[in-house]
Each structure stands twice: as structure tokens, then as C-alpha cells.
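Trainee: Any chance you can model this:
(chains A and B)
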Amino acid sequence: MVIIEQFINGLNLGSIYALMALGYTMVYGIAKMLNFAHGDIIMVGAYTISVATTNLGLSPILSVLLSMLVCTVLGVVIEKVAYKPLRMASPLTVLITAIGVSYLLQSVALLIFGSKSQRVASVINVAPVTIGGITLTGESIVTLGVTIVIMILLVLFINKTKVGKAMLAVSEDRGAAELMGINVNNTISLTFAIGSFLAAVAGALFVSSYGFVDPYTGALPGIKAFVAAVLGGIGSVPGAMLGGILLGIIESLSKAYISTQLSDAIVFGVLILVLLFKPSGLLGKQRVTKV
Amino acid sequence: MKKIKTKTIIWLIIAVVIYAVLFYLDATGKLSRQFSRLLIPVGINIMLAVSLNLTVGFLGELTLGHAGFMSVGAYSGCMFTVFMDLPVYIEFPLALLIGGLVAAIFGVIIGVPALRLKGDYLAIVTLAFGEIIKSVIINMDITGGSAGLKGIEKTTNFTVMFVAVLVTIIVIANLINSRHGRAICAIRDNVIAAEAVGINVVYYKLLAFVVAAFFAGVAGVLYGHNLGILKPATFDFNKSIEILVIVVLGGMGSITGSVVAAIIITVLPEVLRGLDDYRMLIYAVVLIAMMLINSNPRISAFRKRIESKFNLKKNMKEAE
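Mentor: Purely as a prediction, here's the structure:
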């Protein structure tokens, strides 16, 4: 029974990683950049919920909506101000800028809220369910449900709508997409908006499960979500989902059965092993370099 | 040939003068305590930045695990001095060597599988290795766990630091200007072309990686013997990023740039200490602004114009 509960914990954590990994992977697929500030958007989302529920006294649903709005706008603004002027720059320049943005968000949060971690009341108000001796918390149920719904919607959006297909086209070949009349700049902005929206959802689920937020809340989950995206094959949407879920399960099981402190090492070790045998991740496309 | 020789002598004289001035200022107490305490951290950051520049700037492979090599070197070197009871003048150089060698061995262990990967994949794998090294150190008893390794003799002084920095710069600068260095730069510029002219890509990639790891390890040993305590949390992902930022700000593939940027990045937080709360904010804004300004097409066009004028004058002078 315990192993099943740990497995469900893993699914819960993995869903959050998967939602974050989607943001990394979509931005990477389209803008070819690692958005290191993505983890900190989750922190912003979590603080927004905290302020909205405690200071403004909004209802949980309204505060989640507000946090989605704030994160989406923030993501687009960051893209316009910091990343857009760097379209032609080297990947390393963009990476350093993203790291700068991440530091910026953390230090602004530090200035406003201080370094002490704040308790945040869960925005999820669902009673726990017991099935055959296994207790599912309300948070787990909602997290799993929300993640499944979002993933289905995202896959439909990318494959069925015109804008989604434009995103696919840009990630395949930016130049050719532009020649076909796709507005590349708008598509990239939209990708950032979707990624940040998903980050807001992940942030809401994260604070509901863990109940606290501090300026560095997003840093380590951000790196792990990034690992999940690479594990699944960066640039691949199903890969990010698979990588996130796998990572969450591995982390949760190794915490329960091996060692709490070594769980991070195990997670990173799995990544290295996978990349040794599949250098472009589990579902990534192998790109052949031509002269 | 003669030209290179005079250049070397000039650099040597400059180094000696810098050493003499700093030593005099430090010894007579003319340097404020705040700054004299910074001399060794500046040196350590110069070593780290110059060695990372070899992989990021000259080899062109982004690695995010430099702090991992530093920690491996630091722990092995410092554990050697803590557990051995040899006279300092034998023990300390041996510790430096051991720290460097162990880091270099880890460089091989990590480099052989990791260097098969490219670009962002290599970055994430080196990041993962750095985190694994940190977790393992925390979980070992012999290293003192997360409380840290205590009781290290504080043997690092300004003279040792200066010599170490000098050796690092000379070795890496000479490596770059040698046949090996040209091979490394050729790999950065075009892997396929380099392979086609018969450069052993795997060997040279590993060479750059291992040399960088060696100096990071030595820097780690010096770091431990300066502070007297090692904590695994110091060598996290942020430390690697800090070194990378120094390399990028100084200019990739420029050793002088790395040195100057290392000094600025180390001293800047101390100067800004008055604005303690806003320190990180300013740091972040400066970082973003530098990147945006550096890649602004108008500014780079302006810089090119100035440079071409400058070069024209220089060429005319040489023609005369």
C-alpha cells in the first residue's frame, strides 16, 4: 500500500514538473533558448496567490485567475524587453540574459517580501478520498485532474488550431515559416504567454501541495523541470510530459526507499544515464549535422 | 621571434610591479581591511574564470559544472592537509597538486561521456554532475557532511595566491598560443572542418576540459586554505553561474577580459555593500543591460567603426 501511495505522490510531483517542463520545452523548440527565468515565474505566481488570498481577501479561484494573468503578462513582458533584442545574438548571450532575469525576479521578490518563507493557504478545497485503504488528498486529485486536462487541451491546441500549427512550423524551420506568412514574433510571444500561463498553474498547484513560498521557491523545481524537459527530449511536447512524470516518480520513490538527501543525486544520475544512451532524450529527434 | 620575447618580458615586469605594489599596500596597511581581505578571493575568481574560459571561450562548449570541479579539488586537497601531519612547506604544495589532479581525474570521468553531447545538452549534464558531486559530499561522513570540513590550516597567503594566478594565466595563455590551442580554437570555429583536417576532436576537447578542471581544483584548495572551512553549499549551481558570468562579461576567448571581469565582479559587491538590500538587484540589472548593450546592432556597428579606424592607423604606422 505504501508503495502505491508513494507512487501517487510521485505522480503529483511529476505533474507539477511536467507543467513546468512544458514551458521550457515549448520556448526551447520555438525560440531555441533556455529560459532560465521560467522557475522564478512560478515563484511570482505563488506570491501573487499569497497576496491575493491574505492581503486582498480574494476567493481561491479569483486569486488563481489573477496569478495566471500576472504570470502571462510577466512572461510576455520579459520576452519583449529582454529576449527580443537578442534574436540574432549567440545562444550563450541569451542564456546569460535569462540568468540575469532570474536573479532580477528573485531579488525583487526578496526586496518586497523578505527572505523568510511565507505560509500560503491551499487554494484547493477538495475532501480527501479513500479507495481500498489508499488515501488520495484533495491536492493530488486536483493536480492530476488539472494536469491531464491541460495536457489534452495543449496537444489539441498545437495540432488542431491555426496558431498551434504556426508554432510547430516556427519550431521546425523559422525561415521557411516566415516565408509562408507566419508572424514569427507574435508566435514567439504567444509561446512565452502559454509557457508562463502553465507556470502559473504549476505555481498554484505547487503552493497548494507544499504550503509555503520564499524568493527561491522556483529555483530548484525550475532546474528539475528543466532536467525533465531534457530527459524527455527538449523541444518535444510529449517528451516534457513523460520526462516530468518520470522524474517525479523517481524522486518520490528514491526519497521513500533510498535516501532523502541523495534523491537529487539520483534524479540527476538518471538524466545522465539516459543521455548517454539516447543523446537527444527519450522522445527527442535526432538531428544530423550536415556540412 | 624577437617580438614575442620582448612582449613576455614586458608582461613579466608588469606582473612583478603589480605584485610589489599590492604587497606593499597590503603589508603597510594602506589598503583598507575590506580590500586586503578581498585580494585572495579575487585571485581565486581569476583562476576559476581563466580556466573556465578555456572550455567556454576557446573550446566553445558551455559547461555549468565548474564549481563541481572546484569542490572536488577543494575537498581532496583540504582533507589531505587536515589528516596528514607533514611540515607545511611539503604538505601545502602537495595538497595543491592533489586537489588539481583529483579534479583533473574527475574531469576525465565526466568529460569522456559528457563531451559526446553538444550545446545545451552538455550544459545540463555538467550542471547535473555538479549537483551530484554536491549531494555526495553532503552524504559522506569523512567530508563533514553539510556542516562542512573544519580545522583547515589557513596557509593561503597573498604571495602563494599571486604565484598561482600567474602560473594559471601563463599555462593557459601558452596552451592557447600553441599547436594544441589552435586545434582547440579550430574545433570551436567549425568541428567538421577541424575533423576534416585531421584534428583529433575527442582528444582536444578532453584536453581543454581536463586542464580547466585541474586549475579549478587548485583554486578550490586555495579557497579552502583561505577560509579554514569548506561547506558543500558554497559549491552549488550559483557558483558555477557566477564564474560563467565573469567569463561572459570579460569576453569569451579573452584572458585579459576574464582577469578584469573577475576583479570587477568580486569587488563590486563589496563596494555596493552600503546598498546591501539592492546589491543583487543592481547585479542583475547590470548583467541584463550588459548583454543587451553588447548585442545591440547599432552599438556593435559603432564599435566596429572605431576599431577599423584604430586598425587603419596601426597599419599605416607599421607601413611607415
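Trainee: can you give me the helices for the stretch 51-200 of chain A?
Mentor: For the stretch 51-200 of chain A, the helices defined by DSSP state H, counting those that start in this stretch occupy A:60-78, A:91-113, A:138-160, A:162-172, A:174-179, A:184-210.
Trainee: Also chain B?
Mentor: Assigned helices in chain B, in chain order: B:2-27, B:33-53, B:66-83, B:88-114, B:119-139, B:158-176, B:179-189, B:191-196, B:201-227, B:237-250, B:255-271, B:279-294, B:297-319 (criterion: DSSP state H).
Trainee: quick check: mean pLDDT across the last one?
Mentor: Taken as a whole, helix B:297-319 has a mean pLDDT of 75.
Trainee: got the angle between that helix and helix B:279-294?
Mentor: On the basis of axes from the mean of the first three to the mean of the last three CA atoms, to 10 degrees, helix B:297-319 is oriented at 70 degrees to helix B:279-294.
Trainee: which residues of chain B score low on pLDDT?
Mentor: Along chain B, the parts satisfying pLDDT under 70 run over B:1-4, B:276, B:317-320.
Trainee: tell me the centre residue of it?
Mentor: The centroid of chain B falls nearest to B:Leu48 when counting by CA atoms, centre = their mean (1.9 Å).
Trainee: Excluding sequence neighbours, find me the nearest residue to that residue.
Mentor: Closest residue in space to B:Leu48, ignoring its immediate chain neighbours: B:Ile243 at 4.7 Å, by CB to CB, 6 or more residues apart in numbering or on different chains. Heads up, the C-betas are built off the backbone N, CA and C, glycines and all.
Trainee: Which residues are in contact with that neighbour?
Mentor: B:Asn45, B:Leu48, B:Ala49, B:Leu52, B:His66, B:Ala67 (CB atoms under 8 Å, 6 or more residues apart in numbering or on different chains).
Trainee: B:Glu131 now?
Mentor: If you count contacts by CB under 8 Å, 6+ apart, B:Glu131 has them with A:Ile223, A:Asp264, A:Ala265, A:Phe268, B:Gly68, B:Asp236, B:Phe237.
Trainee: which stretches of the stretch 101-250 of chain A aren't confidently modelled?
Mentor: For the stretch 101-250 of chain A, applying pLDDT under 70 flags no range at all.
Trainee: can you list the residues of it near chain B?
Mentor: Within the stretch 101-250 of chain A, the positions lying close to chain B (CB under 8 Å from any CB of the partner chain) are A:101, A:103-104, A:106-108, A:110-111, A:223, A:226-227, A:230, A:234.
Trainee: what's the closest of the residues you listed to B:Leu94?
Mentor: The shortest approach to B:Leu94 among those belongs to A:Ile223, at 36.4 Å (CB to CB).
Trainee: show me the contacts for the residue lying closest to A:Leu205 once chain neighbours are set aside.
Mentor: Counting by CB to CB, 6+ apart, A:Thr143 is the residue found nearest to A:Leu205 once chain neighbours are left out, at 4.9 Å. A:Thr143 sits next to A:Asn12, A:Ser15, A:Ile16, A:Leu205, A:Ser208, A:Ser209 when contact means CB under 8 Å, 6+ apart.
Trainee: Over to A:Gln261: give its phi and psi.
Mentor: phi -70, psi -30 (degrees, to the nearest 10).
Trainee: Could you check how many residues crowd around it?
Mentor: When neighbours are counted by other CB atoms under 10 Å in any protein chain shown, A:Gln261 registers 14.
Trainee: Next, the contact list for it, please.
Mentor: Here A:Gln261 is in contact with B:Ser135, B:Ile138, B:Asn139 (CB under 8 Å, 6+ apart).
Trainee: I'd like to know how far the first one sits from A:Leu253.
Mentor: With distances defined as CB to CB, to the nearest Å, the gap from B:Ser135 to A:Leu253 amounts to 17 Å.
Trainee: Looking at those two, which is more packed in?
Mentor: A direct count of neighbours by other CB under 10 Å for B:Ser135 and A:Leu253 places B:Ser135 higher, at 21 against 17.
Trainee: How about the more buried one, nearest residue that isn't a chain neighbour?
Mentor: Nearest to B:Ser135 is A:Ala265, by CB to CB, 6+ apart, at 3.7 Å.
Trainee: If you count contacts, what does whichever strand or helix holds A:Val230 end up packed against?
Mentor: Taking DSSP states H and E as the criterion, A:Val230 maps to helix A:219-232. In this structure, helix A:219-232 makes packing contacts with helix A:2-31, helix A:38-50, helix A:91-113, helix A:237-257, helix A:263-277, helix B:119-139, judged by 3 or more CB pairs under 8 Å, 6 or more residues apart in numbering or on different chains; DSSP states H and E.
Trainee: Quick check: which of the ones you listed is buried the most?
Mentor: helix A:38-50 (a mean of 28; mean count of other CB atoms under 10 Å in any protein chain shown).
Trainee: Which residues of the stretch 151-300 of chain B lie near chain A?
Mentor: Going by CB under 8 Å from any CB, the residues of the stretch 151-300 of chain B near chain A are B:192, B:237, B:241, B:244-245, B:248, B:252, B:277-278, B:280-281, B:283-285, B:287-288, B:291-292, B:294-297.
Trainee: Taking those residues, please make a ChimeraX selection of just the buried ones.
Mentor: This is how ChimeraX selects the buried members of those, with burial counted by 16 or more other CB atoms under 10 Å in any protein chain shown:
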select /B:237,241,244,245,248,252,280,281,283,284,287,288,291,292,294,295
